[in-house]
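Chemist: 3D, please:
(chains A and B)
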Amino acid sequence: MPYIPHTEEERQAMLQKIGVTSFGDLIKNIPVELKLKQPLDLPEPLSELEVERLLRQLASKDVDGNQVISFLGTGAYDHYIPAAIDHIISRSEFYTSYTPYQPEVSQGTLQAIYEYQTLICEISAMEVANASMYDGGSALAEAALMAVNETRRPEILISQGVHPYYRQIVKTYCHGQKIAVAEIGLNNGTTDLEQLRSRASENTAAVLIQHPNFLGCLEEVFELETVIHQQGALFVTSNDPISLGILVPPGDYNVDIMTAEGQALGNPLNFGGPYFGIFAAKKTYVRKMPGRIVGSTVDEQGRRGFVLTLQTREQHIRREKATSNICTNQALNALAGTVYLTIMGKQGFKILAEQCLQKAHYLAEKLNALPGIQLKFSAPFFKEFVVELPYSAKKLLAYFQQKNILGGIELSSFDYGFSNAMLIAVTEKRTRSELDLYVELLKSFTN
Amino acid sequence: MSIPNELLYTEEHEWILVDGDVATIGITDYAQSELGDIVYIEFPEVGSEVDQMDPFGSIEAVKAVEELYAPVSGEIIEVNTNLEDNFQMINQDPYGDGWIIKIKVADPGELEALLTAEQYAKKVGG
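Modeler: Here you go, the predicted model:
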């Protein structure tokens, strides 16, 4: 079925009206040497049936959280997604609507984003949040650029505890603007305070800390805050949003800019994306924030309404001096996050975090008790932890996969110098029998 | 449209009033009316140095942002903090309470390069 609505007769009539005989006449100003001389080398078109068959075949190569027992983490997690979320985000008013630049026709979208921003401030205790970014990694990178813009200092310090991919993204973003990025090492799984103390200076725009960090460990955020602010640098974090159900929120340890990967809030794993980035800061920095911000106001008749505000930060007004070149947000994913938090509620959010904590610690204790196997770090953790095995984890994970379990992430390919270590994440979805099964399988593999 | 005779002007619509070696600077009536409601000024740091026609800050209306340019070189000695929470003063009294910064004039000779009220009036067709 053709999806182009014009018939050949209609095309001829249009060309005639314009005053030309063929389409080629309309593009005759393009130099001959730039024009395509033969058809593009593409396969033949497929029917709808053939397309569907092909896509099903490709899709069957993936599994989702309902088909395997997943202990994978490092930023994207197998948390439960209540059915109501899909029901709400599938409403065509949300699913197909575009960017809300015209408030007269976008009140629903704008209000939803306003609620999102409010919820982010509530769980993070930060003063202002934007309408979301692309993902956690780019949100962290944008925070680094914002800190440099705000402090006018040339250097970013980033802990090795930050996700290795995020560190890469930060370096990529900073490279073009000639911002120096230096790493601070770890000591027993958390950022080395002494190293930071001696390395931070009046050249440091910000220090970037992940909490809990990539290895699952909780950072010493209060001590870090003191060291960082002593040098007049900004304290920038990358947090796990689910952890905010139980840990002290970043606003309470004086974080200047807080970022996070929002996937865990009501979004499926999606094979790596789309996700959404969370970005919040102290109100005094609001004019340097990237991204969209929705504000609440009143119309001529005094009725409450919502608009995109502080648009003078953005590139369609400020052009090359804009705070960022981002001109969109992940509205649908952020909406899923908004519905998720609303369904959870304050109590539910806390219970969820507690379940993750308890289940992770249950498994960690059992594994630690197995001969030859131990927790790699003594630092406290939330829902992820590293175990050290007496062998490489690769074969173990292959064994687990045969049993339909994604047992964890093997760490030798990252820059920590671990050869036999594995990172395990435990969410509220994991049942006691799944955890006990994990321990049994590990025991039998080791023997 | 008000263009006081005793002031000098830049091509970028700033006015300057010189008293001894202290210059007071703001934006013209024409500029404030073109911009619309002023919502924010990004001030320079007191103590910083500027050269003639260097941007020293920016002025924000609801849908536009413009740079502010220093009519003369010198040290920024004061910024009008009264404007904070009250930026509409620039619209209401651009040549009086709506002043933006004060500069210690480094070289009075630079004033030669600026426009007189008559020249500025011709520029804005007023």
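
Chemist: now do the SS call for the residue nearest the centre of chain B.
Modeler: Residue closest to the average C-alpha location in chain B (CA atoms, centre = their mean): B:Gly26, at 2.5 Å. Each residue gets one of three states, and B:Gly26 gets strand by DSSP: H, G, I helix; E, B strand; the rest coil.

Chemist: which ones are touching it?
Modeler: B:Gly26 sits next to B:14-15, B:90, B:94-95, B:98-100 when contact means CB atoms under 8 Å, 6 or more residues apart in numbering or on different chains. For the C-beta atoms, the positions are set from N, CA and C on the backbone; glycine is no exception.

Chemist: among those residues, which ones are in helices?
Modeler: Judged by DSSP state H, the contacts of B:Gly26 include B:Ile90 as members of helices.

Chemist: and which of the contacts of B:Gly26 is nearest chain A?
Modeler: Of all those, B:Ile90 has the smallest distance to chain A: 15.5 Å, by CB to the nearest CB.

Chemist: run through the stretch 101-250 of chain A and note the low-pLDDT ranges.
Modeler: Along the stretch 101-250 of chain A, no part satisfies pLDDT under 70.

Chemist: quick check: the residue of it nearest chain B.
Modeler: For the stretch 101-250 of chain A, the residue closest to chain B is A:Arg152, as judged by CB to the nearest CB, at 9.9 Å.

Chemist: now swap in chain A and tell me
Modeler: A:Thr312 (4.7 Å).

Chemist: can I assume that residue is in contact with B:Ala64?
Modeler: Yes: using CB atoms under 8 Å, A:Thr312 is in contact with B:Ala64, at 7.3 Å.

Chemist: which one of those two has more residues nearby?
Modeler: Remark: of A:Thr312 and B:Ala64, A:Thr312 carries more neighbours, 21 against 13, as counted by other CB atoms under 10 Å in any protein chain shown.

Chemist: phi, psi for residue 85 please.
Modeler: Reading this off chain A. phi -60, psi -50 (degrees, to the nearest 10).

Chemist: who does the longest strand belonging to chain A pair with, and is each partner parallel or antiparallel?
Modeler: If you go by DSSP state E, chain A has its longest strand at strand A:204-211. Using DSSP bridges, the strands paired with strand A:204-211 are strand A:155-159 (parallel), strand A:234-239 (parallel).

Chemist: can you tell me which of those is most buried?
Modeler: Stretch with highest mean neighbour count among these: strand A:234-239 (a mean of 27; mean count of other CB atoms under 10 Å in any protein chain shown).

Chemist: not counting that one itself, show me its contacts.
Modeler: A:124, A:136, A:139-140, A:143-144, A:147, A:150-151, A:162-163, A:166, A:205-211, A:221, A:224-225, A:228-229, A:250, A:253-261, A:278.

Chemist: next, count neighbours for B:Asp54.
Modeler: Neighbour tally, B:Asp54, other CB under 10 Å: 13.

Chemist: so who does the residue nearest to it when sequence neighbours are not counted touch?
Modeler: Nearest in space to B:Asp54, with sequence neighbours left out and distances taken as CB to CB, 6 or more residues apart in numbering or on different chains, is B:Ala70 at 5.2 Å. With contact set as CB under 8 Å, 6+ apart, B:Ala70 has these partners: B:25, B:50-56, B:103.

Chemist: again, only using 7 Å
Modeler: B:50, B:52-54, B:56, B:103 (CB atoms under 7 Å, 6 or more residues apart in numbering or on different chains).

Chemist: most widely separated two among the residues you listed?
Modeler: B:Met53 and B:Ile103 (12.6 Å; CB to CB).

Chemist: tell me which of the two has more neighbours.
Modeler: A count of neighbours by other CB under 10 Å puts B:Ile103 above the other of B:Met53 and B:Ile103, at 25 against 17.

Chemist: report all helices and strands that the longest helix belonging to chain A contacts.
Modeler: For chain A, the helix reaching the highest residue count under DSSP H is reported as helix A:331-369. Contact analysis of helix A:331-369 by 3 or more CB pairs under 7 Å, 6 or more residues apart in numbering or on different chains; DSSP states H and E lists helix A:83-89, helix A:92-95, helix A:107-124, strand A:374-375, strand A:384-388, helix A:432-446 as its packing neighbours.

Chemist: show me what the shortest one pairs with in its sheet, parallel or antiparallel.
Modeler: It stands for strand A:374-375. Looking at strand A:374-375 with DSSP bridges, its partner strands are strand A:384-388 (antiparallel).

Chemist: part of a helix, is A:Arg197?
Modeler: Yes: applying three-state DSSP, one finds A:Arg197 inside a helix.

Chemist: need the contact list for it.
Modeler: The contact partners of A:Arg197, by CB under 7 Å, 6+ apart, come to A:Val227.

Chemist: for the closest residue to A:Val426 other than its chain neighbours, grab the count of nearby residues.
Modeler: In space, and not counting its chain neighbours, A:Val426 is closest to A:Ala360: 3.9 Å by CB to CB, 6+ apart. The tally of other residues near A:Ala360 (other CB under 10 Å) stands at 24.

Chemist: quick check, A:Ala360 in contact with A:Val386.
Modeler: No: in this structure, A:Ala360 is not within contact of A:Val386 by CB atoms under 7 Å, at 11.8 Å.

Chemist: what's the pLDDT at residue 31?
Modeler: Just so you know, I chose chain A. A:Pro31 is assigned a predicted lDDT (pLDDT) of 95.

Chemist: try chain B instead
Modeler: So B:Ala31 comes in at 95 (pLDDT).

Chemist: and for the helix or strand where it lies, what's in contact with it?
Modeler: According to DSSP states H and E, B:Ala31 maps onto helix B:29-35. Contact partners of helix B:29-35, identified using CB under 7 Å, 6+ apart, comprise B:1-2, B:13, B:38, B:59, B:61, B:64, B:90-91, B:94, B:124, B:126.

Chemist: same question, stretch A:157-174
Modeler: Looking at what lies outside stretch A:157-174 - CB under 7 Å, 6+ apart - the contacts are A:74-75, A:136-138, A:140-141, A:144-145, A:156, A:181-186, A:190-191, A:196, A:199-200, A:204, A:207-210, A:213-215, A:219, A:238, A:414-415.

Chemist: filter those residues down to the ones in strands?
Modeler: Reading strands off these with DSSP E, I get A:156, A:181-184, A:186, A:190-191, A:204, A:207-210, A:238.

Chemist: including distance to A:Asp299, could the residues you listed go into TSV?
Modeler: Compiled in TSV, these are given as follows (distance: CB to CB, whole Å):
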residue	distance to A:Asp299
A:Ile156	43
A:Val181	46
A:Ala182	50
A:Glu183	50
A:Ile184	50
A:Leu186	53
A:Thr190	51
A:Thr191	49
A:Thr204	45
A:Val207	43
A:Leu208	41
A:Ile209	43
A:Gln210	42
A:Ser238	38
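
Chemist: PyMOL command to pick out the buried ones of the residues you listed?
Modeler: Selection command for PyMOL covering only the buried members of these, criterion 16 or more other CB atoms under 10 Å in any protein chain shown:
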select buried, chain A and resi 156+181+183+184+186+190+191+204+207+208+209+210+238
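
Chemist: lovely, talk soon.
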